[in-house]
Structures are given as structure tokens and as C-alpha cells.
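Asker: any chance you can model this:
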Amino acid sequence: MEAVLYVSHGSRKEEATEEARQFLLTVQNEIDVPLYEICFLELAEPDVLQGIERLVEKGAGKIAVLPVLLLSAGHYFEDIPEEIDKAKGRYPQIEFSYGEPLGVQDRIVDVLVDRIHQLDTTVGTDTNLLLVGRGSRHPDTKPSIEKIASLLAEKTGVPRVDTCYLAAISPRFEEGLQASLNKKGKTIVLPYLWFTGILIQSMEQKIKAAQEENHDVQLAAYLNDHPNMIRATVDRVNEALEKFKEHSAS
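Answerer: Residues are numbered from 1 along each chain as shown. So this is what the prediction gives:
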């Protein structure tokens, strides 16, 4: 029996964990495989091995592991594969398929455009768009965020979208925000984050402080459960499940 294991990041905020669960339940409603579990890499339960154990106990013989990640970085290349390898040692009879993060997709850039449109503002040549990534030491992270920024600039017609990061890479969010505030015009901050959490809270606090200093700055909503995010995740799940057929045919 085939099954899907969704591996989300996890958060200290129960609100963020629940938000991820609700999103993945919406995704699962579109998947033609009834057996599934939602697990977390850290800070929430069940963890990956517990999720796999639950699926095995329910009769799963093939498990498609879906990394609930925006971009490829350490969690994708190291942490999740390590847990899958442990599970393979424990359950040699189980066949595993490993899915892919969402990656850079035009339809996800469209989510950012929609988030801008949801604000009570207009985008003109004097608008500074600041795209904020989580950040990672993996070499693919910065080029990916910069590619997203380039696509966003094309879609919005602004001369340039600046980038900054919440961890690991420079410029950090504080630097990027201050540089944007120092320019003429208004600033729209776009978090390239999937769910809420401590990082979103921290950004909200810093932007509120800037607004209290009379800066023209707004924070757009994070990606969350936009229909494009749901569709993109459904596609990644189905791609992971399709690998079982490809393996059987080879």
C-alpha cells in the first residue's frame, strides 16, 4: 500500500505548526492515496521516524516522503535523507520515494504579486520591494532568491527588487530594511516564508517600529495557503508517487 509522509519544518509556535497541518490536510484532500502522516523535522511531533513508524503500522509498503520546503538546502540534502536512511535500516521491506521542494516557480512568484495587491497601496517607480528569504549556507539559496527577485521585478514593473535574509547570508533583514528605508519612496517587505512563526513575529515588530518612526513601509502576507501553493505542493506529491511506477517499470 502506498502512503505519503509530509515532512514540515516545525516551530516553537503552536500556531505555526497548526497552520502547516491545516495546509497539508488541504493538499492531502487532492491526493489519490488515502494513507498519510504529517511529521516535523524539529520542535514538534511526530518526528520523521515516528511518522514512518505510524505508516508502517497502518500497512504502508511504499512511502513517498514529501519535504515541505520552499528551496533546496541543508534540510533537503542532509537532514531528511539521514532520517530516511535510518528508516531503511529499520524497515528494509519498505520502498521509499523522496520528493522535491517547491523550488523556483513562476506561479509562486505570482503569489508574491497577489500579496502585494492585497495591500492598500500602489506599486510605482518610487516603490522599494524587499524580498526576505529565510537564508541558508547552501550555495543554491542565494541564487534562487535572487532569481525570484528578478522574476518579481519583471511582473511588477519595478526597476529592481532587493533581497535580504533572516539567517546565514548577508545582507541580513535589518540591513536590508534600513537600506530600503533610506531610499526615497515607500517600502513593501515581502517575506518568502511559507507559514507563520517566530521569524514573522520578529519582522512584524521591526516594521511596526519603523512605522512609528514615520517610515512608509508595509509588510505583505507570507505565502501560506494561497491556491498556487496548494497546487504546487499537490504536484510535488504526485511526482513523488509517480516514482514508484517508474521504479516498477525499470
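
Asker: using PDB, list the CA coordinates for stretch 126-144.
Answerer: Extracted in PDB, the C-alpha atoms of stretch 126-144 (Å, rounded to 0.1, in the frame of the first residue of the first chain):
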ATOM      1  CA  ASP A 126       9.200  55.000  -6.200                       C
ATOM      2  CA  THR A 127       8.300  51.700  -4.600                       C
ATOM      3  CA  ASN A 128      11.100  49.700  -3.000                       C
ATOM      4  CA  LEU A 129      10.300  46.000  -2.900                       C
ATOM      5  CA  LEU A 130      12.300  44.000  -0.400                       C
ATOM      6  CA  LEU A 131      12.200  40.200  -0.700                       C
ATOM      7  CA  VAL A 132      13.100  38.400   2.500                       C
ATOM      8  CA  GLY A 133      14.400  34.800   2.400                       C
ATOM      9  CA  ARG A 134      14.900  32.500   5.400                       C
ATOM     10  CA  GLY A 135      18.600  32.100   4.500                       C
ATOM     11  CA  SER A 136      20.900  29.100   4.400                       C
ATOM     12  CA  ARG A 137      24.600  28.300   4.000                       C
ATOM     13  CA  HIS A 138      23.800  26.100   1.000                       C
ATOM     14  CA  PRO A 139      25.200  27.700  -2.200                       C
ATOM     15  CA  ASP A 140      21.900  27.300  -4.100                       C
ATOM     16  CA  THR A 141      19.900  29.500  -1.700                       C
ATOM     17  CA  LYS A 142      21.100  33.000  -2.700                       C
ATOM     18  CA  PRO A 143      20.900  32.400  -6.500                       C
ATOM     19  CA  SER A 144      17.400  31.000  -6.000                       C
END
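
Asker: who's in contact with the helix-or-strand element of the chain with minimal mean pLDDT?
Answerer: The weakest-scoring helix or strand in the chain, judged by mean pLDDT, DSSP states H and E, is helix 74 (a mean of 79). For helix 74, the external contacting residues (CB atoms under 8 Å, 6 or more residues apart in numbering) are 136-138. All C-beta atoms are positioned from the backbone trio N, CA, C, and that covers glycine.

Asker: switch to 10 Å and redo it
Answerer: 80, 136-138, 141, 168 (CB atoms under 10 Å, 6 or more residues apart in numbering).
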